[in-house]
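okay, predicted coordinates and the sequence, questions at the end:
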Amino acid sequence: MKFVIIFGPQAVGKMTVGQALAAQTGLKLFHNHMSIDFVSSFFDYGTPAGKRLVSLIRQEIFEEVSKSDLEGLIFTFVWAFDLSGDRDYIEQISDLFESRGGIVYWVELEADLEERKKRNKTENRLLHKPSKRDVAWSEGELVKTYEQYRLNSLPGEIDRSNYIKIDNFGREADEVAQMIRERFDL
């Protein structure tokens, strides 16, 4: 079992790279908005009920996939490095897969704020993430979190053998996916 976690700030290209990686490897993609947008049909993600349901859905998917005969799963996540709970969460889901014999790969993407503002409006993003279709609101959230949190790691902050950090500014998703495949022999 392979478990690939793609993380980075909003609109950096996590889902799009995940789609390309899934197409190239046959691994299943579970991008973070699959659970967020589903729950948002009932409860706002920012509410206690919304957060609880998103967490439950994700955990149940991880439990079942980690016990299955699937080849692997790709998951995307916005990791705020200045919130210890985010690190704990990534470690916890990594531990789940590793405890069942899986191999976990951490992939960090980064691109500057102006590039991410452009990507925030792409057709693919808006097609697959209904909550981002209010582009003015979405861009405001993107800027707000950029100012409020540190959404990329510092040099040396992540010390895992199965880790890669890619500045994907100006790179196509297929190229980034191939870089990931080659780095981890997927």
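Structure's in. What do you need?

list the buried residues for stretch 46-53?
Neighbour counts over stretch 46-53 (16 or more other CB atoms under 10 Å) mark 50, 53 as buried. Any C-beta I mention is one placed from the backbone N, CA and C, and that applies to glycine too.

swap in stretch 82-98?
Along stretch 82-98, these residues count as buried under the neighbour rule (16+ other CB under 10 Å): 86, 90, 93-94, 96-97.

please apply the same query to stretch 140-147.
For stretch 140-147, burial by neighbour count (16+ other CB under 10 Å) applies to 141-142, 146.

worst-scoring helix or strand of the protein, pLDDT-wise?
Among the helices and strands of the chain, helix 123-128 carries the lowest confidence by mean pLDDT, DSSP states H and E, at a mean of 64.

if we can go back for a sec, tell me which of the buried residues of stretch 140-147 is nearest to R171?
L142 (19.6 Å; CB to CB).

quick one: residues contacting the closest one.
Listed by CB atoms under 8 Å, 6 or more residues apart in numbering, the contact partners of L142 are 9-11, 113, 116-117, 120.

for those residues, which one is nearest F43?
Nearest to F43 among the contacts of L142, counting by CB to CB, is Q10 at 20.6 Å.

does that closest one touch E141 like I think?
Yes. Q10 is in contact with E141 according to CB atoms under 8 Å; the separation is 7.1 Å.
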